[in-house]
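Enquirer: 3D, please:
(one chain, ligands or ions: 2)
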Amino acid sequence: MPTKATTRTAKVKPGQREEETLSVLISHQRIRERVRQMAQDIRRDFPSEPVHLVGVLKGSVLFLADLARELGGEVSFDFISVSSYGKGMDSTGEVKMNKDLDVSIEGRSVLVVEDILDTGLTLKYLLRLFEERKPKHLRVAVLLDKAERRIADVKADYTGFVIPNEFVVGYGLDYDERYRNLPDVCVVRLGPRGKTKIEA
Ligand code: IMP
Ligand code: MG
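Expert: Residues are numbered from 1 along each chain as shown. Ligands and ions are numbered 1, 2, ... in the order given. Alright, predicted model coming up:
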């Protein structure tokens, strides 16, 4: 439930200004509590094993940092960078690898950490790639799930929040590289009436 709304004006094209309205969808407090519960669920499944977190850059960074601290026990990190989105709110439909992992995942208990599951195309690509590398376990944790947008047949093992089909920013998620530093997850709408650009 949105608890407050902020209006910001941002330059979107040279010479043109378009208003962006942000409303809090999930407060930092709720995120913190949910991340703690997710960490408990993950540790219940892997009680005494080292867990190797694979963060999908850049959106997962804040979620991974909080999840790692809540997990306790032996935890290591690595990061991969893929792009599935254009610069704005619309998907290009393609997945491109920008940066591969630094270390092998063979024989490790791997937890892929993603900010948001949307069409699922990115995760499908990543799971296929990682399965070939023979990890001991391969699980997925996502903070947000836009379930109604799914195209690819993929599921996360641990999901923070199922959210409606709205473009969201904050807590790592961006709109044109902005807003990643907001502590809350917010819906961003464009235009004076806050009309959203993505319609299913
Ligand atoms: P998918 O391949 O369609 O599942 O897209 C996954 C990626 O798209 C996420 O990791 C995000 O980087 C990006 N994405 C999808 N929806 C949103 C959104 O509402 N806000 C910001 N980024 C998003
Ligand atoms: Mg992402």
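Enquirer: Please count neighbours and contacts with C-alpha atoms only from this point.
Expert: OK.
Enquirer: Please enumerate the strands of this structure.
Expert: Assigned by DSSP state E, the chain shows strands spanning 5-13, 16-26, 51-57, 75-85, 91-99, 109-117, 137-145, 158-162, 168-169, 185-190.
Enquirer: Which strands and helices lie in contact with the third one?
Expert: Translated: strand 51-57. helix 61-71, strand 75-85, strand 109-117 (3 or more CA pairs under 8 Å, 6 or more residues apart in numbering; DSSP states H and E).
Enquirer: what about this protein, any weak spots by pLDDT?
Expert: 1-17, 85-93, 192-200 (pLDDT under 70).
Enquirer: Near ligand 1, which residues of it? Just list them.
Expert: 59, 84-85, 115-122, 167-169, 173-174 (CA under 6 Å from any ligand atom).
Enquirer: and the two most separated of these?
Expert: Farthest apart among those by CA to CA are Leu121 and Val169. That separation is 19.6 Å.
Enquirer: who's more crowded, those two?
Expert: Between Leu121 and Val169, Val169 has the larger neighbour count (other CA atoms under 10 Å), namely 26 against 18.
Enquirer: In contact with Arg108, which residues?
Expert: Pro50, Val51, His52, Pro135, Lys136, His137 (CA atoms under 8 Å, 6 or more residues apart in numbering).
Enquirer: out of the residues you listed, who has the most neighbours?
Expert: Highest count within the contacts of Arg108 by other CA under 10 Å belongs to Val51, 23 neighbours.
Enquirer: Perfect, I'm done here.
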